[in-house]
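Enquirer: from the sequence below, what's the structure:
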Amino acid sequence: MKEMIILKDDANQRLDKYLLKTFPNLSQFMMYKAIRNKKIKVNRKRAQFNQLLKEKDSVLLFLPEDVCETKERKINPKLPLNIVYEDSNYIFVNKEYGLLSQSNQKNGDCVVSRIQTYLYEKGEYNFNQSSSFAPSICNRLDRNTTGLIIGAKNANALRQMNEAISSHKVHKYYRAWVSGILEKDGEISLYLRKENTRAIISMNKKEGYKEAKLKYKVLEHKENETKVEIELFTGRFHQIRASFSSIGHPLVADTKYGYKGKKKKMQLQAYKLTFDFDLPVIEIKE
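Expert: Residues are numbered from 1 along each chain as shown. A predicted model of the protein is given here:
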């Protein structure tokens, strides 16, 4: 027999989803059969696959030992984490150039793993207790984009921030150097479609394309380059890079979208976040 006590971060989810996340050796077929045959119980009572779990619920599994093995989580060695702001629910970090937001490799170095290590060291996260939630991020940046990433310390904070982003209550500002001289502030509105590792541009609405809109303000000029502040109104894949390419001013060093110069390091930074709810302005100062 295996007993799991539901913690705060594992509450308010369906039993079947919790079981499949927590026990990698438990197949969907085996799980439903076990629930029907009373081999899985909640608070020692017959369980329903779609019932919502509550904090402190007891989940009992009368199944073979190998099936009841939980996911193994490892903490990476402590690596640098540039924290801009932190409270009881969120941690805002300044991602460095070249670092992945989230790794595809198990235990790979990325912003997520560094946040988890930091919170583990602080005693705010124990990977051996919370079975289905681990501190995660609410937004991602490309490897070669620097700047603000929002980390959520608990499941409720993650849900709330994701909902706020979806309902446009989080406003994102970037700084970038683009090639050529832009004389005036402006807006760029177009349509984008993701194709492998590129954004395909259309100036007209087409099936499979999504609207992408931003505005920019000219900050300064240097040689044949312009520094701009960008406010995003939508969050499409490679939106900033594709948008400035579409007006003939690709980002400096962005050869994928048409840069022809000699510079190798792209300068795109997610530098400020503002919120339509109770969080302060989060900003990276120059």
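
Enquirer: when you work out contacts or count neighbours from here on, use the C-alpha atoms and nothing else.
Expert: OK.

Enquirer: tell me which residues in the strand ranked longest in the chain are buried?
Expert: Secondary structure of the chain read by DSSP state E shows that its longest strand is strand 210-222. Neighbour-count burial for strand 210-222, counted by 16 or more other Cα atoms under 10 Å, picks out 210-219, 221.

Enquirer: and stretch 268-280, by the same measure?
Expert: 268-273, 275.

Enquirer: go on, stretch 134-142?
Expert: Residues of stretch 134-142 classed as buried by neighbour count (16+ other Cα under 10 Å): 134-138, 141-142.

Enquirer: still on that earlier bit, out of the buried residues of strand 210-222, the closest to residue 89 would be?
Expert: Closest to residue 89 out of the buried residues of strand 210-222 is residue 214 (29.3 Å), distances taken as Cα to Cα.

Enquirer: what pairs with the closest one across the strands?
Expert: residue 188, residue 232 (DSSP bridges).

Enquirer: which pLDDT value goes with it?
Expert: Each residue has a pLDDT score; the one for residue 214 is 98.

Enquirer: residue 104 now?
Expert: Looking at residue 104, its pLDDT reads 73.

Enquirer: would you mind measuring from it to residue 6?
Expert: Distance of residue 104 to residue 6, computed by Cα to Cα, to the nearest Å: 28 Å.

Enquirer: so these two - more neighbours on which side?
Expert: Each of residue 104 and residue 6 has its neighbours counted (other Cα atoms under 10 Å); residue 6 has more, 21 against 10.

Enquirer: now do the contacts for the more buried one.
Expert: Shown in contact with residue 6 (Cα atoms under 8 Å, 6 or more residues apart in numbering): 53-59.

Enquirer: got it, and residue 224?
Expert: Contacts here follow Cα under 8 Å, 6+ apart; on that basis residue 224 touches 179-181.

Enquirer: a markdown table for these, including distance to residue 48, secondary structure and neighbour count?
Expert: Output for these, formatted as a markdown table (distance: Cα to Cα, whole Å; DSSP: H, G, I helix; E, B strand; the rest coil; neighbours: other Cα atoms under 10 Å):
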| residue | distance to residue 48 | secondary structure | neighbour count |
| --- | --- | --- | --- |
| 179 | 60 | strand | 25 |
| 180 | 63 | coil | 18 |
| 181 | 64 | coil | 16 |
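
Enquirer: will you turn those residues into CSV that also has distance to residue 195?
Expert: Output for the contacts of residue 224, formatted as CSV (distance: Cα to Cα, whole Å):
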residue, distance to residue 195
179, 24
180, 27
181, 30
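
Enquirer: in a markdown table, list those along with pLDDT.
Expert: Shown next, in a markdown table, are the contacts of residue 224 (pLDDT from 0 to 100):
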| residue | pLDDT |
| --- | --- |
| 179 | 97 |
| 180 | 97 |
| 181 | 98 |
